[in-house]
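Student: Based on what follows, work out the 3D shape:
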Amino acid sequence: MGLPPPRRVIRAGVERLPAQYDVPRHQHRHAYVTVVFSGAYRQAAYAGRLSIAAGDIVLQPTFDCHADQMLSPGVELLRLPWGREAGLGGVLDGCRSTRSAAPRPATSPRRSIWSLASSPRDL
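Tutor: Predicted structure coming up:
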């Protein structure tokens with residue numbers, strides 16, 4: 001049996017990721033939501049292979065195992081805490097704000113983005 005993937009800790013808030021900031025497969029202890037302000041990246045997660053770009057809102061479920069690959073010269077995003085999430089996560093329905101939405105995998109979460117907790121914490 002192999003070792004479990006490493007766990008990463010991130011802070012809620014705005015973050016700017018540089019070009020070539022590829023992150024190998026890892027997990028986070030807490031679920032969180034990512035709002036992408038600019039740039040694009042690809043994520044291989046339990047929800048499948050997701051192409052994520054500016055305007056997307058992505059739900060990362062509790063202990064989701066995923067890897068990220070940058071597709072642009074940088075990405076600016078906002079991470080927000082989310083309650084325990086046992087589903088697959090993915091791009092939330094109807095949340096793409098900068099271009100027309102195409103069919104997306106794993107778009108089952110139905111909670112409102114406005115129900116997020118407002119206190120920052122490690123994710």
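Student: From here on, just use CA atoms for contacts and neighbour counts.
Tutor: Will do.
Student: beta partners for the nearest residue to V91 once chain neighbours are set aside?
Tutor: Counting by Cα to Cα, 6 or more residues apart in numbering, V91 lies nearest to V58, which is 4.4 Å off, once chain neighbours are set aside. With DSSP bridges as the criterion, V58 is bridged to T34, V91.
Student: what residues are up against V58?
Tutor: V33, T34, V35, G89, G90, V91, L92 (Cα atoms under 8 Å, 6 or more residues apart in numbering).
Student: how about a cut-off of 6 Å?
Tutor: By Cα atoms under 6 Å, 6 or more residues apart in numbering, the contact set of V58 is V33, T34, G90, V91, L92.
Student: Per-residue pLDDT of it, please?
Tutor: Looking at V58, its pLDDT reads 91.
Student: how near is it to A44?
Tutor: For V58, the distance to A44 equals 13 Å [Cα to Cα, to the nearest Å].
Student: What about the contacts of V58, which one has the most neighbours?
Tutor: The most neighbours of any of the contacts of V58, using other Cα atoms under 10 Å, belong to G90, which has 27 neighbours.
Student: quick one: it and I57 touch, right?
Tutor: No - at 8.5 Å, G90 and I57 do not qualify as touching, with contact defined as Cα atoms under 6 Å.
Student: any weak-confidence spans in this protein?
Tutor: Applying pLDDT under 70 to the chain flags the ranges 1, 93-123.
Student: and with 90 instead?
Tutor: 1-12, 19-21, 27-31, 45-48, 59-65, 82-123 (pLDDT under 90).
Student: How are the strands of it distributed by residue range?
Tutor: For the chain, the strands defined by DSSP state E cover 13-18, 23-26, 32-38, 40-45, 48-53, 57-60, 66-70, 74-81, 90-91.
Student: Reformat the ones you listed as JSON lines; add distance to P6.
Tutor: As requested, the strands of the chain are exported to JSON lines (distance: least, Cα to Cα, whole Å):
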{"stretch": "strand 13-18", "distance to P6": "20"}
{"stretch": "strand 23-26", "distance to P6": "5"}
{"stretch": "strand 32-38", "distance to P6": "17"}
{"stretch": "strand 40-45", "distance to P6": "14"}
{"stretch": "strand 48-53", "distance to P6": "19"}
{"stretch": "strand 57-60", "distance to P6": "16"}
{"stretch": "strand 66-70", "distance to P6": "11"}
{"stretch": "strand 74-81", "distance to P6": "19"}
{"stretch": "strand 90-91", "distance to P6": "21"}
